[in-house]
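K.L.:
need coordinates for the following:
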Amino acid sequence: MRFIRAFWGDLNYDSGKYKSEIHNISKTSKLNDFIYVWGRENYNYIKTLGFEARLICENPTEFGEDFLENSDTFFLHKLDAVRRGCEEFDSVIFLDWDTKQLKEIDSNFFNL
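P.N.:
Model (predicted):
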């Protein structure tokens with residue numbers, strides 16, 4: 001099983017809110033995260049933080065750049081990451097960037 005995340009869009013959106021969240025996860029996560037990334041700048045940033053990652057598309061907003069205007073496709077990045085993760089790792093747990101690990105993962109976690 002692999003823990004995966006996705007990153008797309010503008011790295012500096014909302015005064016760098018996402019950049020800050022990603023940086024914090026890079027310092028605290030012990031989950032061996034794998035990141036599916038849209039956009040070369042985003043990919044380069046993710047790699048500088050030491051994450052294992054794959055660039056999916058040079059376009060950082062392949063499925064739409066505005067949540068309201070592209071509400072029917074905006075979150076396809078997440079679904080595409082889950083699909084790719086299942087194909088690559090068989091089973092995955094998808095995490096958003098604001099998900100924080102509160103305790104160590106033990107064997108009981110995987111048994112449940």
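K.L.:
for the rest of this, base every contact and every neighbour count on C-alpha atoms.
P.N.:
Noted.
K.L.:
can you tell me how far Cys65 is from Arg40?
P.N.:
One thing to correct before we go on: residue 65 is Glu, not Cys. Here Glu65 is placed at a distance of 16 Å from Arg40 (CA to CA, to the nearest Å).
K.L.:
hey, C-alpha coordinates of stretch 82-92 in CSV?
P.N.:
Extracted as CSV, the C-alpha positions of stretch 82-92 are listed here (Å, rounded to 0.1, in the frame of the first residue of the first chain):
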residue,chain,number,x,y,z
VAL,A,82,-6.0,7.7,-7.6
ARG,A,83,-6.3,5.8,-10.9
ARG,A,84,-2.6,6.0,-11.6
GLY,A,85,-1.7,5.1,-8.1
CYS,A,86,-3.9,1.9,-8.2
GLU,A,87,-2.4,0.9,-11.5
GLU,A,88,1.1,1.5,-10.2
PHE,A,89,0.9,0.4,-6.5
ASP,A,90,-2.2,-1.9,-6.5
SER,A,91,-3.6,-0.3,-3.4
VAL,A,92,-3.3,3.3,-2.2
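K.L.:
show me the strands in the chain, by range?
P.N.:
Across the chain, reading from the start of the chain, the strands by DSSP state E fall at 2-7, 34-38, 52-57, 92-94.
K.L.:
what about the helix ranked longest in the chain, average pLDDT?
P.N.:
The helix spanning the most residues in the chain, taking DSSP state H as the definition, is helix 13-28. When pLDDT is averaged over helix 13-28, the result is 82.
K.L.:
low-confidence stretches in the protein?
P.N.:
Applying pLDDT under 70 to the chain flags residues 13-15, 64, 66-68, 70-73.
K.L.:
distance of the closest residue to Asp96 other than its chain neighbours from Glu69?
P.N.:
By the measure of CA to CA, 6 or more residues apart in numbering, the closest residue to Asp96 outside its immediate chain neighbours is Arg5, 6.2 Å from it. Distance of Arg5 to Glu69, computed by CA to CA: 24 Å.
K.L.:
more neighbours: which of the two?
P.N.:
For Arg5 versus Glu69, the count of surrounding residues by other CA atoms under 10 Å is larger for Arg5: 21 against 10.
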